[in-house]
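>>> What follows is a predicted protein model with its sequence.
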Amino acid sequence: MNHPLVPFASVFVRYMRLSDLEQVQAIDHMSFTLPWPNSAFQYELMQNKDSIPMVAEINLTNGEKLVVATVVLWKIMDEAHIATLAVHPDYRRQGIGQKLLAKALLEAIRKGARLATLEVRAGNEAAQSLYRRFGFEVAGRRPRYYKDNHEDAVIMTNKNLDTFYQDWLTSIAEEDPNPD
Ligand SMILES: CC(C)(COP(=O)(O)OP(=O)(O)OC[C@H]1O[C@@H](n2cnc3c(N)ncnc32)[C@H](O)[C@@H]1OP(=O)(O)O)[C@@H](O)C(=O)NCCC(=O)NCCS
């Protein structure tokens, strides 16, 4: 398990705000070889009515707050599409990604989503492992989808967002990631 640079006391998930953008973009750049353009998160916040942009914020033991993870879901018709999900490298493997994803999926379901989809790099075992844990299954492949290294995209879906699944999401969303 990685240890955080600064100890944190608790994790809180909420909707993204304009004031988060600098931290959100920094996490995006640290997490992806093809980060989103700087205007993209602002578009999600200000213009995209189908967007569910959320962050996980930690309360540090010194009283400060820090955004350490970000997610954007698009809720289109009855489908929730996970457009991006990233956790700051120093805070990974501590349950923050799954808490944020669970909260965002619950929000999409509350707004009418009945299935969830995403694309993930074929070689991204960490993310695929997380999504498998969330009940996603491989539904297809887009050959040479990513422009930087022509890696395939794996399409994953979860068509089973029933009440039993929602209860499971709620339990994950309420878990308190514990650094130690
Ligand atoms: C994928 C990512 C969001 C996971 O975030 P995280 O906060 O580290 O994940 P969590 O601690 O909540 O992990 C929950 C579960 O997911 C799986 N998982 C997460 N990271 C994993 C890894 N590196 N290897 C294997 N399984 C992993 C495990 O089942 C884990 O449970 P466990 O720790 O009890 O074994 C994070 O690694 C990340 O930001 N990666 C870079 C960006 C990215 O690839 N985003 C996805 C794009 S589709």
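Yep, it's here.
>>> Can you pull the residues of this protein lying near the ligand?
Residues of the chain that fall close to the ligand, judged by Cβ under 6 Å from any ligand atom: 31, 85-87, 92-98, 118, 120, 124-127, 129-130, 133. In this view, the C-beta of every residue, glycine as well, is placed from N, C-alpha and C.
>>> Among these, name the ones in strands.
If you go by DSSP state E, the residues of the chain next to the ligand have 85, 86, 87, 118, 120 in strands.
>>> So residue 33, which state does it fall into?
Following DSSP: H, G, I helix; E, B strand; the rest coil, residue 33 is assigned to coil.
>>> What of residue 19?
Residue 19 ends up helix, using three-state DSSP.
>>> what residues are up against it?
Contact analysis of residue 19 by Cβ atoms under 8 Å, 6 or more residues apart in numbering lists nothing.
>>> what helix or strand is residue 56 on?
Take DSSP states H and E as the rule and residue 56 turns out to sit in strand 51-60.
>>> What pairs with that strand, parallel or antiparallel?
In the sheet, strand 51-60 lines up against strand 8-15 (antiparallel), strand 65-76 (antiparallel) (DSSP bridges).
>>> how about the CA coordinates for it, as PDB?
Extracted C-alpha coordinates of strand 51-60, given in PDB (Å, rounded to 0.1, in the frame of the first residue of the first chain):
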ATOM      1  CA  SER A  51     -22.300  15.900 -17.000                       C
ATOM      2  CA  ILE A  52     -21.800  14.600 -13.400                       C
ATOM      3  CA  PRO A  53     -18.400  16.000 -12.400                       C
ATOM      4  CA  MET A  54     -17.300  15.100  -8.800                       C
ATOM      5  CA  VAL A  55     -14.200  15.200  -6.700                       C
ATOM      6  CA  ALA A  56     -12.900  13.500  -3.500                       C
ATOM      7  CA  GLU A  57     -11.500  15.900  -1.000                       C
ATOM      8  CA  ILE A  58      -9.500  14.900   2.000                       C
ATOM      9  CA  ASN A  59      -9.300  16.700   5.300                       C
ATOM     10  CA  LEU A  60      -5.700  16.800   6.300                       C
END
